[in-house]
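> The following comprises the amino acid sequence and a computationally predicted model.
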Amino acid sequence: VTRIPRSHPRYRSLVLRSDLAEKMARGVVVPEGLMAHGRGEAFDYLLGERSYPEALQATRAAAARLLLAQRPVLSVNGNVAALAANEVAALAKALPSLKVEVNLFHRTPGRAEQVAEELRRAGLRTVLGVHPTARLRGLPSDRGWVEATGILLADVVLVPLEDGDRAEALVRAGKFVIAVDLNPLSRTARAAQLPLVDELVRVLRHLKTEVVRQRRFPRRALATLAASVDGPELRAAALRRISARLEALAREDVRERPSKAR
Ligand code: ATP
């Protein structure tokens, strides 16, 4: 294992990558998951690696949606379990109505169990989706498998790092879809009624804080909060943030260039 010096300017990112590579060796993450992570990192870089105000408001609205839901489900894939098992368990503890279901793009029975085990190790008692019994309409192959008492019955589904096809199928099935996806251009972010264009771990931590804060709010206040954001506007806000940041960085770069080189 390569030792990463703490002084490295991208220490956290390198530690995460090394952790994901190790979890790939254990079968929790697949090689495709590493590429998805790379795409996420690139967008986070562009967004400044911080949750910007519109994203924070979107997460507040998501917390309200989850508190209002009758049967909320959080869908977990390999990357989510690898990156944020502790945060998933903490959110489920704060919101007892929330079911957690393993939902894999690259499914094998062994892998589903590995992902579930990762969540159990983090303290989650019940994990659905290891032996799914129902199918989501419009999704061929293994990707359509869901749990009859979980996603199939859910009214609100939180889908971090999801693929576009499945997000679309969930919306067609009448679910309210909250996506977590740093790419505001992805089909997932476009399909979801509530796209959270922000980093998974930051979102889950903030979501938990908000669930705890909003727990005693009257339903009317929750409904107002839930309706305070609009999907297309949230994606547009992310694009504006990226654009403004790049403009500012480009100006800085020009200013910093030694005058001779200009
Ligand atoms: P789509 O099918 O929705 O168009 P895609 O082909 O990009 O999207 P995937 O390859 O499954 O879908 O990628 C998953 C998405 O998750 C990517 O858009 C990536 O930006 C995002 N992502 C990866 N890591 C994180 C993270 N830690 N937090 C938030 N989003 C992430």
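Arrived safely, thanks for sending. Just so it is clear, the structure is predicted and the values come from calculations on it, not from any experiment.
> in this protein, what residue is nearest the ligand?
The nearest approach of the chain to the ligand comes at Gly40, 2.4 Å away (Cβ to the nearest ligand atom). Glycine gets a C-beta too; all of them are placed from N, C-alpha and C.
> Over to Val73: give its phi and psi.
With angles defined as degrees, to the nearest 10, Val73 sits at phi -130, psi 140.
> before we move on, back to that, which SS state does the residue of the chain closest to the ligand fall under?
Remark: Gly40 carries the secondary structure label helix [criterion: DSSP: H, G, I helix; E, B strand; the rest coil].
> which regions of this structure sit below the pLDDT cut-off?
Along the chain, segments meeting pLDDT under 70 span 1-2, 259-262.
> centroid residue for this structure?
In the chain, the residue lying closest to the centroid (Cα atoms, centre = their mean) is Pro160, at 2.7 Å.
> how about the residue nearest to that residue when sequence neighbours are not counted, what does it touch?
Spatial nearest neighbour of Pro160, chain neighbours left out: Val180 (3.8 Å); criterion: Cβ to Cβ, 6 or more residues apart in numbering. Shown in contact with Val180 (Cβ atoms under 8 Å, 6 or more residues apart in numbering): 158-161, 196, 198, 200, 203-204.
> now, the most widely separated pair of those?
Val159 and Asp198 (14.0 Å; Cβ to Cβ).
> sorry, back to before: turn the contacts of Val180 into a markdown table, including secondary structure and distance to Thr108.
A markdown table is the format used below for the contacts of Val180 (DSSP: H, G, I helix; E, B strand; the rest coil; distance: Cβ to Cβ, whole Å):
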| residue | secondary structure | distance to Thr108 |
| --- | --- | --- |
| Leu158 | strand | 24 |
| Val159 | strand | 21 |
| Pro160 | strand | 21 |
| Leu161 | coil | 19 |
| Leu196 | strand | 29 |
| Asp198 | coil | 31 |
| Leu200 | helix | 23 |
| Val203 | helix | 28 |
| Leu204 | helix | 26 |
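> for the ligand, what are the nearby residues on the chain?
The chain comes close to the ligand at residues 36-37, 39-40, 43, 83, 161, 163-164, 180-183, 186-188, 199-200, as judged by Cβ under 6 Å from any ligand atom.
> Only the buried members of these: can you turn that into a PyMOL selection?
Selection of buried members from the residues of the chain next to the ligand for PyMOL, criterion 16 or more other Cβ atoms under 10 Å:
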select buried, resi 36+37+40+43+83+161+163+164+180+181+182+183+186+187+188+199+200
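> Let's see which of the residues of the chain next to the ligand end up in strands.
Val180 (DSSP state E).
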